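Engineer: fold the stuff below for me.
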Amino acid sequence: MGSTKHDKGDTTVEMRRGGLKKLISLVAMALTVAAVVKELRTPADERTWNGKVAAVVPYDFRVPTLARIRERLWNPEGEHFVGPRVFGVGWTINVGKVVAVVREKLAG
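Structural biologist: Numbers count the residues shown, from 1 in each chain. Predicted structure coming up:
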């Protein structure tokens, strides 16, 4: 493989992107740990393994069900384009809603 030359500006942009990816990964990991700790601090009989961490970021560590997968990933009648992940911490796109809106716009 040959080497690629970059000027100083390209290298700075690449370093910033790498740094941003690392920061995002670190934040995601911290939120995941915070959500697990929150659940473990809750009495065992009261744990739901889903909720919000930092009062804003949703999490769900329950075993995914087909109904939940459809509700969150393919729900054309849903209110929102973005909702909680099927499993994990953060948000996911409701592809069904996006497709429904695009079809509606294209139909006139």
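
Engineer: all helices of the protein, in order?
Structural biologist: Here the chain has its helices, by DSSP state H, at 8-41, 66-73, 95-107.

Engineer: lowest average pLDDT across those helices?
Structural biologist: Lowest mean pLDDT of the helices of the chain: helix 8-41, a mean of 88.

Engineer: show me what residue 51 is bridged to.
Structural biologist: For residue 51, the beta-bridge partners are residue 59 (DSSP bridges).

Engineer: now do it against residue 82, distance only.
Structural biologist: Look at residue 51 and residue 82: by Cβ to Cβ, to the nearest Å, they are 17 Å apart. Every residue, glycine included, has its C-beta placed from N, CA and C.

Engineer: these two: who's more crowded?
Structural biologist: Using other Cβ atoms under 10 Å, the more surrounded residue of residue 51 and residue 82 is residue 51, with 16 against 12.

Engineer: mind listing what that one touches?
Structural biologist: 35, 38-39, 58-59 (Cβ atoms under 8 Å, 6 or more residues apart in numbering).

Engineer: and the furthest pair within those residues?
Structural biologist: 39 and 58 (13.3 Å; Cβ to Cβ).

Engineer: among the contacts of residue 51, name the buried ones.
Structural biologist: Buried subset of those (neighbour count, 16 or more other Cβ atoms under 10 Å): 35, 39, 58-59.

Engineer: pipe those residues into JSON lines and attach distance to residue 45 per row.
Structural biologist: Shown next, in JSON lines, are the buried ones among the contacts of residue 51 (distance: Cβ to Cβ, whole Å):
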{"residue": "35", "distance to residue 45": "19"}
{"residue": "39", "distance to residue 45": "12"}
{"residue": "58", "distance to residue 45": "23"}
{"residue": "59", "distance to residue 45": "20"}
